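*Asks:* sequence below, structure please.
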Amino acid sequence: MIADILNTLAAGTATDLRPLQVKLTYIGPQTKPIPTVILTTFYHVPVLDWFVGLRTPGLHYSNDDIALWNIVVTPEEMSQVVKAMAKPDIVPEGRESSDPLISVMGAAQGSRIGSVGFEAVVNRDQFSVLSEAVRNALDSTNQLARSVIDRQRQLILS
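*Replies:* Predicted structure coming up:
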């Protein structure tokens, strides 16, 4: 199901993806707050309410309320991020993980593609692959966005 959603998004144009938001939330063992990272295009501000209905019962999303790092990207960059996430073995299907560490969500409302939403729950190894794919999909000139992904990754993986 997630692969189908990502493939639909990846087939969309940059204009179609203007309202898309992608969120990476740390849901693992909490010893300190780790900011949630949300990617939005410069056409929209983060709307966390879009993600509430996608949450997996029993997981803790408190980092969404503690700290939020918003990465603003161009619609073209969002398209690149979606295409990277749609590749095999980047975002696993489903919400089951032997060691849940990160919630990866995508949500859009009012898109020409329609309203979409998904959540995947990933473990440490999967997050390492995913975060690198997202970082590398961002324009090389967008050093601020890349550094935010790097910082979240460092906080989680170290």
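*Asks:* where in this protein is pLDDT low?
*Replies:* 94-97 (pLDDT under 70).
*Asks:* can you map out the strands along it?
*Replies:* Secondary structure of the chain (DSSP state E): strands at 21-26, 36-41, 68-73, 102-108, 116-122.
*Asks:* tell me the angle the first one makes with strand 36-41.
*Replies:* Same thing as strand 21-26. 170 degrees (axes from the mean of the first three to the mean of the last three Cα atoms, to 10 degrees).
*Asks:* would you put the C-alpha positions of strand 21-26 in CSV?
*Replies:* Output of strand 21-26 as CSV, limited to C-alpha atoms (Å, rounded to 0.1, in the frame of the first residue of the first chain):
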residue,chain,number,x,y,z
GLN,A,21,4.4,17.2,3.8
VAL,A,22,6.9,14.5,4.8
LYS,A,23,7.6,14.0,8.5
LEU,A,24,10.3,12.0,10.4
THR,A,25,9.5,11.5,14.0
TYR,A,26,11.7,9.7,16.6
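*Asks:* give me the angle between it and strand 102-108.
*Replies:* Going by the same axes, to 10 degrees, strand 21-26 makes 160 degrees with strand 102-108.
*Asks:* what's in contact with strand 21-26?
*Replies:* 34, 36-40, 44, 46-47, 50-51, 61, 63-64, 78, 81-82, 85, 101-108, 130-131, 134, 152, 155-156 (Cβ atoms under 8 Å, 6 or more residues apart in numbering). Glycine gets a C-beta too; all of them are placed from N, C-alpha and C.
*Asks:* before I go, just wanted to say thanks for your time.
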